[in-house]
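*Asks:* Could you look at this predicted model? Sequence included:
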Amino acid sequence: YFTQLTQYEQKRLALSREIGNRLAEGNALNNCGQIQALYLGDYDGGLELVKQALNIWKHLNVRLYPLLRIAQIQTAKSNFDEAVKTLEIARPLSRNDFRDVGRAGLGLVEAIINWHIGDREHLQDALHILANIQQMVADHLISEQYKMTAAYVASNAHLKLAILLGELDTENNITENVQQS
């Protein structure tokens, strides 16, 4: 990811600025911020870049994507209330996005937030959202990468729900329960 950031996205950002292409600049900033925050762990630095992208795209419907990245970063920082508020700003934009990927992206981020909040109601909401995303993949509305991400989040939500409901007494019993299966 560091190579992708330094050898591609940052160069793309510099070129976009050099030629004055604000749309491409916003895209590069959003990608730089996503990589820096979510893949390399520099949440504050990445968040600043994504906010710059949001500012550039403030009058465009594509501002949905920096809003989703901001919500993900807020979730990674355990700022769940802020993440939920950011999603509420993004929700109407996802309805106006002509691509299904916007709605699927919003759903995945919402499910991730719910999984991290981790109470029974939020976990069940996450599983419901993830089932809808799986159906979108089955209907060929979005790519298989969403299926993989949805499956990852769903397995974690199921595990957390099982622990919460007492089906798994402790995290130490997880290995024992899996081996018995």
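*Replies:* Noted; the coordinates are in hand.
*Asks:* How many neighbouring residues does E48 have?
*Replies:* Look at E48: counted by other Cβ atoms under 10 Å, it has 14 neighbours. The C-beta positions use only the backbone N, C-alpha and C, and glycine is treated the same way.
*Asks:* Restricting to C-alpha, output whichever helix or strand it is part of in PDB.
*Replies:* Using DSSP states H and E, E48 sits within helix 43-56. Output of helix 43-56 as PDB, limited to C-alpha atoms (Å, rounded to 0.1, in the frame of the first residue of the first chain):
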ATOM      1  CA  TYR A  43      -6.000   8.100  10.600                       C
ATOM      2  CA  ASP A  44      -5.500  11.800  11.100                       C
ATOM      3  CA  GLY A  45      -3.300  12.400   8.100                       C
ATOM      4  CA  GLY A  46      -5.600  10.300   5.900                       C
ATOM      5  CA  LEU A  47      -8.700  12.000   7.300                       C
ATOM      6  CA  GLU A  48      -7.300  15.400   6.300                       C
ATOM      7  CA  LEU A  49      -6.700  14.300   2.700                       C
ATOM      8  CA  VAL A  50     -10.200  12.800   2.400                       C
ATOM      9  CA  LYS A  51     -11.700  16.000   3.800                       C
ATOM     10  CA  GLN A  52      -9.800  18.000   1.100                       C
ATOM     11  CA  ALA A  53     -11.400  15.700  -1.500                       C
ATOM     12  CA  LEU A  54     -14.800  16.300   0.100                       C
ATOM     13  CA  ASN A  55     -14.200  20.100  -0.100                       C
ATOM     14  CA  ILE A  56     -13.200  19.900  -3.800                       C
END
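*Asks:* Next, the angle from the helix or strand that comes right after that helix to helix 43-56.
*Replies:* For helix 43-56, the following helix or strand on the C-terminal side (DSSP H and E) is helix 64-76. Angle, helix 64-76 to helix 43-56, by axes from the mean of the first three to the mean of the last three Cα atoms, to 10 degrees: 160 degrees.
*Asks:* Now do the helix or strand following helix 64-76 against helix 64-76: the angle between them, please.
*Replies:* Next along the chain after helix 64-76, taking DSSP H and E as the criterion, comes helix 80-96. Using the same axes, to 10 degrees, the direction of helix 80-96 lies 160 degrees away from that of helix 64-76.
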